[in-house]
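In: here is my input, please return the structure:
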Amino acid sequence: MIDMSPNLVLVVTIAALFTVGVYLLLERSLSRVLIGVILIGNGANLLFLVAGGAAGRPPLVGVEPEGEMSDPLPQAMVLTAIVITLGMTAFLLAMAYRSWQLHGHDEVQDDVEDRRIVRLAALDERAFVDTDTEGVVESLDEEAALARDETDDGHGTEVEQR
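Out: Take a look at the predicted model:
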């Protein structure tokens, strides 16, 4: 019987990679966000391999017994995750480089809309007026009667539903 319990060191390593990665993603510096994405990608790769179970024989049908073969799906998922992490890394590197060229730093700044929302939240005011619901005195029945009925076929009769 194959032991399916994961190695405790790998589980702690996965937890540490995800924890540090999420912490770095919450920073304002794009270089720290980049390192956070890389750490989370490596944590996901380890998680796939640990979830795949114990290593076994090569998955060649007819050569090895089925009970001794390793599962190829986690390996394929790790390869896919590596490609996705590489793409995200290239994109964040390009953003950090462009920010460095334009501003001399790679820190993400608040835009005007962010500042306006924070100011209104501090004053406990709405950021916008919802014209769809403000000043509406119709009841739900009246509003439903005015709404388009999707079961109506256009000739005044309802389409039968089964």
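In: sketch out the low-pLDDT regions of this protein for me.
Out: 1-4, 126-162 (pLDDT under 70).
In: what residues sit buried inside whichever strand or helix holds residue 95?
Out: Per DSSP states H and E, residue 95 falls inside helix 72-103. Burial within helix 72-103, assessed by neighbour count using 16 or more other C-beta atoms under 10 Å, is assigned to 74, 77, 78, 81, 85, 88, 92, 96, 99. C-beta: built from backbone N, CA, C; applies to glycine.
In: does anything pack onto it? Which helices or strands?
Out: Contacting helix 72-103 under the criterion 3 or more C-beta pairs under 8 Å, 6 or more residues apart in numbering; DSSP states H and E are the following elements: helix 30-51.
In: distance from the chain centre to the helix it packs on, please.
Out: Taking C-alpha atoms, centre = their mean, to the nearest Å, the mean C-alpha location of helix 30-51 is offset from the chain mean by 13 Å.
In: need the CA coordinates for it. PDB is fine.
Out: Provided in PDB are the C-alpha atoms of helix 30-51 (Å, rounded to 0.1, in the frame of the first residue of the first chain):
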ATOM      1  CA  LEU A  30       5.500  46.600  -8.400                       C
ATOM      2  CA  SER A  31       8.800  44.800  -7.700                       C
ATOM      3  CA  ARG A  32       7.400  43.400  -4.400                       C
ATOM      4  CA  VAL A  33       4.200  42.500  -6.200                       C
ATOM      5  CA  LEU A  34       6.300  40.700  -8.800                       C
ATOM      6  CA  ILE A  35       8.100  38.700  -6.100                       C
ATOM      7  CA  GLY A  36       4.700  37.900  -4.500                       C
ATOM      8  CA  VAL A  37       3.400  36.500  -7.800                       C
ATOM      9  CA  ILE A  38       6.500  34.300  -8.200                       C
ATOM     10  CA  LEU A  39       6.200  33.000  -4.600                       C
ATOM     11  CA  ILE A  40       2.500  32.200  -5.000                       C
ATOM     12  CA  GLY A  41       3.300  30.500  -8.300                       C
ATOM     13  CA  ASN A  42       6.000  28.300  -6.700                       C
ATOM     14  CA  GLY A  43       3.600  27.600  -3.800                       C
ATOM     15  CA  ALA A  44       0.900  26.500  -6.300                       C
ATOM     16  CA  ASN A  45       3.400  24.200  -8.000                       C
ATOM     17  CA  LEU A  46       4.400  22.500  -4.800                       C
ATOM     18  CA  LEU A  47       0.700  22.200  -3.800                       C
ATOM     19  CA  PHE A  48       0.000  20.400  -7.100                       C
ATOM     20  CA  LEU A  49       2.900  18.000  -6.600                       C
ATOM     21  CA  VAL A  50       2.000  17.300  -3.000                       C
ATOM     22  CA  ALA A  51      -1.700  16.800  -3.900                       C
END
